[in-house]
Every structure is written in structure tokens, then in C-alpha cells.
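J.: With the sequence up front, the predicted model follows.
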Amino acid sequence: MPFLLSPSLLSRMAIAGVAAATLAIALPTTPALALHMPKVAELSGSALTPAIQSDKQVWDAVVPLPDGRFVLQAPIWVGNTGPQLSIRATDGTFAPYPDTAWNATEGEPSQRIVSAAGLTLMADGTLWVLDSGVPNHKAAPIAPPKLVQIDTHQNKVVRTLTLEQKALHPESIVSGVAVHADTAYVADSGIGGILVIDLKTGSTRRFLDRHPSLVATRPITTPQGPVHSTNGNLLAIDASMIAVSPDGKWIVVQPPGGYLSRVETSIFTDPDVTAAALEESVTQWFKTPALGGMTIGPDGTLYWSDISTGSILSYTTGRVPRRLITDNRLKWPATPGLDTSGHLYVPAAQLDHTAAFTGGQSSIVWPVTVYKLDLPTTPPPT
């Protein structure tokens, strides 16, 4: 799930860190404590190979389709021009996705992608695209946020759903979407919160507004050090990454400058839940490093892009962490995508070198590359 600059938050990160809450987790069955992340990577550099490259677009999310095509997100807010969504065909050619009209930079906002902010693919071939409506994160929105439903078999938009304004703040910038059955979960990176959208009715409800677990509390750090905004303050982004378990029972969510939290989804539909119960429903799930994105596999395993060390990490449902690979080619690894053959595709997005982070003067080292990682087929080391 891609990162979103929130100007209202930049002044809040004047401190370099905040003490984190004590970790005390209980699973619904057998209690288990999280293990420490290994310091040594399991895989060598040969497991990571270039797959897709561009000399003009910065991709921050990739979705492999079962037929061998790839959907790539090039968000406008970091300085990209051209299509925000592209499809890479099996012959290596690129085209705007689902078509040129939906990637237009002008025209009726309800009929185009204004500011792509997240992608998620369903088993039936539905691609949900989150549009924040905020192409410049230092300016006001130009359109309400919406979800765009694309049929990847027919390659066309079949529906759009505008998020209800009552669930948003003036400073809201939605980022990251997860969908299970008829419910979408969207993170708000402008003012920390979770939006729960009924895809049948369009009803949008806001939960965990400004909850401490969803608010930036520590610096976003790369191997070169903490990331600053153009005004010199440490960069602050609230919850921008979100995923839902394959059975729909849990969501996991975090700010890039924060830790991973888990929430049972039933609490969002419980008519008797109290405000106190909602506040206490959030469980700290792992003390992650600064992340550039995450995705979840069909077995519930989480895959994280660690921007602080240029690593790909994983975390099983049994709370076993693995450092899969660390490689200096992974410069700000962003939202990865899984294929059906045991490969993880990771964009090395270099976001801290884009115009949004450098005062308008990009220092990207081209080409921007999506790498293919051959995932291990063996259990984690003991």
C-alpha cells in the first residue's frame, strides 16, 4: 500500500522516536509470543532478479495477474506523469490500464483515476483500485475518494463507489485498501483511522479515529538515515498499509513510522460494542522496522518491504518472522505482489528520491526496477 504525504502531520514528527507499547499478544487458540526478526537473511542475491524496468515511471505497487500480466501503479503525487495504472503484457509491452480515458489527467473526476493510492486483487479477477482524490498532498483534494472496480478478464471498469464524506476529515488522505467478500477496509494516512465500506450499499463507517496505533510515532528511516519533508521536519505519515486475512477475520494495519497492529473484524459489525472495547480491540502484532509496503499470501503469511535495511521480511500466522533477503538494490522497496508460482515481485521505488521528497528535483537513478524474488520452499531456520 503506497505512502501518502500529509502536510498536517509534518510538524508532529519533531521528535525522533516515542516509546512503544509493551507487546502482549494472545491468539484465539494457543497463546504465542512473537519471535525476534533474524539478523541474517536466508537467501543470497541470486534469488533476486530484475523482472520489469522503466526509465520514466516510479512504480510503488505491483499486482501479478494469473495470466502472466502485471498491473503497475505509478502514483501522481510523487511526480509521475503518464498513466497511473499500466498493464504489462506477456510480450513485455505496456499500456494504460484499463484504458487511456481512465488515466486522463483532466476531465470529470468521477470518470478517471485522480490519484491512485492502492490496489488489491480478488480471486475472481476483480481488481479494486483506491483513488484518494488528492494528486498533490500539499493541496486540498480535487475529488472525493473512491473505489474503482475493474474486471481484469474484460479489462474494463464495472463500477465506482464514492466513499461517504461523513467518514472523512478535511485532512484525510486515504491510502491502502483490503477487501474480503463484500467489505472493503481502507486506511487513512492523513488522520489515522480505518474506513469500513459495505460494497453492496456503499455505506462508509469510520473506526479507531486517531487511535495511537494508527498514528505516526517514530521516524521513517532508510539506510541513509531518517527521512525529512521538504521543510526539514521528520516525515510523518499515519496508517497507510492494510491487509485482511484470507478468512476475513482479521485486518493488520500500520503507519510506515509505527508498528504493525491486528484487529478482529467482527468488532466493526458488533452492534453492542462500546467505545472502550473498540479502543482496546487493537493488538500490537509485531515491532516492525519502517516499511514501504506489505501484502498477504493465501495462507495468511505477511510479506513486508523493509526500507530501513533494503530487506524483504515475512511473518507467518504462527508469528514466525523470517528475513528472506537483504540487498542494496532494494532502495525503498514498496508494495510487493505475489504470483501463484512462489515468486514475490517488489518495486524498488526510490520514493525518497522523487520530487515529492526532494523539493521538486528528482534524484531517481533510472531505471526503476521491479525485482522477482524466488521465495524459499523450506521451513524457517530453527
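T.: Nice, thanks for sending it over.
J.: Just read off the phi/psi values of Asp352.
T.: phi -70, psi -10 (degrees, to the nearest 10).
J.: next one: Lys166
T.: With angles defined as degrees, to the nearest 10, Lys166 sits at phi -60, psi -20.
J.: Now do the spatially closest residue to it that is not a sequence neighbour, the pLDDT please.
T.: Spatial nearest neighbour of Lys166, excluding adjacent residues (Cβ to Cβ, 6 or more residues apart in numbering): Thr204 at 7.3 Å. Quick note: C-beta positions are derived from backbone N, CA and C, even for glycine. Looking at Thr204, its pLDDT stands at 98.
J.: so who does the residue nearest to Glu264 when sequence neighbours are not counted touch?
T.: Using Cβ to Cβ, 6+ apart and skipping the chain neighbours, the partner closest in space to Glu264 is Trp250 (5.9 Å). Taking Cβ atoms under 8 Å, 6 or more residues apart in numbering, we find Trp250 in contact with 244, 262-265.
J.: Out of the residues you listed, which end up buried?
T.: 244, 262-263, 265 (16 or more other Cβ atoms under 10 Å).
J.: Relative to Ala123, which of these is nearest.
T.: Distance to Ala123 across those (Cβ to Cβ) is lowest for Val244, with 12.9 Å.
J.: For Ser314, see how far away that closest one is.
T.: Separation of Val244 from Ser314 (Cβ to Cβ, to the nearest Å): 17 Å.
J.: for stretch 246-260, which positions count as buried?
T.: 246, 250-260.
J.: quick one: average confidence on that stretch?
T.: The pLDDT scores in stretch 246-260 average 96.
J.: Can you verify my assumption that Lys372 contacts Leu48?
T.: Yes. With contacts counted by Cβ atoms under 8 Å, Lys372 reaches Leu48, the gap being 7.3 Å.
J.: of the two, who's got more company?
T.: Taking other Cβ atoms under 10 Å, Lys372 and Leu48 do not tie; Leu48 has more neighbours (22 against 16).
J.: For that one, name its beta-bridge partners.
T.: Taking DSSP bridges, one obtains Leu373 as the residues bridged to Leu48.
J.: Residue numbering should commence at 541 henceforth.
T.: Sounds good: first residue 541 from here, last item Leu588.
J.: how near is it to Val813?
T.: 44 Å.
J.: need the buried residues of stretch 786-800 in JSON lines with distance to Pro876, can you?
T.: Formatted as JSON lines, these follow (distance: Cβ to Cβ, whole Å):
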{"residue": "Pro786", "distance to Pro876": "17"}
{"residue": "Trp790", "distance to Pro876": "20"}
{"residue": "Ile791", "distance to Pro876": "18"}
{"residue": "Val792", "distance to Pro876": "15"}
{"residue": "Val793", "distance to Pro876": "17"}
{"residue": "Gln794", "distance to Pro876": "15"}
{"residue": "Pro795", "distance to Pro876": "18"}
{"residue": "Pro796", "distance to Pro876": "15"}
{"residue": "Gly797", "distance to Pro876": "19"}
{"residue": "Gly798", "distance to Pro876": "19"}
{"residue": "Tyr799", "distance to Pro876": "19"}
{"residue": "Leu800", "distance to Pro876": "15"}
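J.: what sits against the closest residue to Phe826 other than its chain neighbours?
T.: Spatial nearest neighbour of Phe826, excluding adjacent residues (Cβ to Cβ, 6+ apart): Leu800 at 4.6 Å. For Leu800, the contacting residues are 792-794, 824-828, 842, by Cβ under 8 Å, 6+ apart.
J.: mind putting those in a markdown table, distance to Ala707 and secondary structure included?
T.: Output for those, formatted as a markdown table (distance: Cβ to Cβ, whole Å; DSSP: H, G, I helix; E, B strand; the rest coil):
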| residue | distance to Ala707 | secondary structure |
| --- | --- | --- |
| Val792 | 21 | strand |
| Val793 | 16 | strand |
| Gln794 | 20 | strand |
| Gln824 | 25 | strand |
| Trp825 | 25 | strand |
| Phe826 | 28 | strand |
| Lys827 | 30 | coil |
| Thr828 | 27 | coil |
| Leu842 | 26 | strand |
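J.: Closest one of the residues you listed to Leu739?
T.: Distance to Leu739 across those (Cβ to Cβ) is lowest for Val793, with 18.8 Å.
J.: you'd agree that closest one is up against Val803?
T.: Yes. At 7.0 Å, Val793 and Val803 qualify as touching, with contact defined as Cβ under 8 Å.
J.: tell me which element the residue nearest to Leu583 when sequence neighbours are not counted is part of?
T.: Excluding the flanking residues, the one nearest Leu583 by Cβ to Cβ, 6+ apart is Ile865, at 4.4 Å. Element membership for Ile865, per DSSP states H and E: strand 861-866.
J.: partners of that strand in the sheet?
T.: Using DSSP bridges, the strands paired with strand 861-866 in its sheet are strand 851-855 (antiparallel).
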